[in-house]
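K.L.:
Just a sequence and a predicted model for now, questions to come.
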Amino acid sequence: MLRGVVSVVVLLTLLVGLLWTFQRSLIYLPDDGPVGAAGTVLPGARDVALTTDDGLALAAWHLPAAAPGAPTVLVANGNGGHRGLRAPLARALNAEGLSVLLFDYRGYGGNPGSPSEAGLALDVRAARDFLVADVGVPQERLLYFGESLGAAVVTELATEHPPAGLVLRSPFVDLPSVGRVHYPFLPVGLLLRERHPVAEALATVRVPTTVVYGSRDTIVPPEQSRSVADAAAQLHRVVEVPGADHNDPVLLDGPEVVGAVVELARPAG
């Protein structure tokens with residue numbers, strides 16, 4: 001029996017050590033491409049480069065609206081894939097008269113660097129800076145859309161640079177809360193260096209906020225997205241997509257998602 005207990009302890013210690021060492025590899029799942037040129041994947045878009053404060057050049061696509069001065073949506077991706085996978089969302093939003101910026105974080109889509117919580121915060125600031133300084137988008141016409149992990153990224157950005165509106169798709173309360181769901185046998189709260197505290201940050205953001213989630217999400221439990229909505233300082237609307245799981249197409253560019261963004265964009269327009 002003692003030998004069995006020792007074996008279990010050794011195994012758990014090894015598992016904890018691996019989680020501590022390689023946790024970013026479990027959180028961030030970049031697809032490094034190739035992504036392709038903007039015009040071939042997203043007709044009408046142009047390739048642009050974003051420069052971060054720590055000197056990285058990040059690839060992005062800017063898709064302008066037909067009408068000058070239209071509201072612009074800054075899209076922050078989830079933890080997997082690259083911007084090319086979000087092209088259907090950009091097309092759908094553009095068809096509704098909105099300009100869109102798709103970008104990849106460091107380490108994603110062929111970009112240099114390695115992703116981290118602090119790094120992603122710099123990346124999304126570079127995206128906003130491009131839209132405000134280079135394109136000339138005023139704050140009152142700029143909306144943030146964050147998908148899952150991206151919801152954490154844009155919420156943190158909004159604490160410093162509030163947009164006209166905020167749409168959070170499948171947001172989690174914070175990263176440890178999601179980790180406890182998937183690794184209930186580990187002290188995730190003690191081990192995680194990355195925190196991404198969405199609900200806590202959102203409580204300080206006083207802009208119209210819409211939360212969209214799937215009722216059968218197996219990655220981010222629906223109750224966590226509802227808790228995020230409850231924490232919002234200025235909740236506009238909660239949209240539950242019946243039967244939708246985390247990566248279902250309906251949560252990429254379905255009518256509920258697109259409609260939530262367009263609804264917030266109308267006052268901005």
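P.N.:
That came through fine.

K.L.:
And Leu14, what's its pLDDT?
P.N.:
pLDDT recorded at Leu14 is 54.

K.L.:
Which positions in the helix or strand containing Asp123 come out as buried?
P.N.:
Assigned by DSSP states H and E, Asp123 belongs to helix 117-129. By 16 or more other CB atoms under 10 Å, the buried positions in helix 117-129 come out as 117, 119-128. Backbone N, C-alpha and C define where each C-beta goes, glycine included.

K.L.:
Stretch 218-233 too?
P.N.:
219-222, 224-229, 231-232.

K.L.:
Could you pull up the mean pLDDT of it?
P.N.:
On average, stretch 218-233 scores 98.

K.L.:
And for that stretch, what's in contact with it?
P.N.:
148, 151, 168, 170-173, 177-178, 181, 198-200, 202-206, 209, 211, 213-217, 235, 238, 240, 245-247 (CB atoms under 8 Å, 6 or more residues apart in numbering).

K.L.:
quick one: low-confidence parts of the protein?
P.N.:
Residues of the chain that meet the criterion pLDDT under 70 lie in 1-24, 185, 268-269.

K.L.:
hmm, try it at 90
P.N.:
1-27, 31-34, 178-194, 266-269 (pLDDT under 90).

K.L.:
now the strands: where do they sit in it?
P.N.:
Taking DSSP state E to define them, one finds strands in the chain at 29-30, 46-51, 57-63, 72-76, 80-81, 99-103, 142-147, 165-169, 209-214, 235-241.

K.L.:
List the contacts of the helix holding Asp123.
P.N.:
Contacts of helix 117-129 (CB under 8 Å, 6+ apart): 50-54, 56, 58, 60, 74, 76, 101, 103, 105-106, 113, 142, 153-154, 156-157, 161, 193-196.

K.L.:
Next, work out how far apart Glu240 and Glu223 are.
P.N.:
11 Å (CB to CB, to the nearest Å).

K.L.:
Thanks a lot, see you next time.
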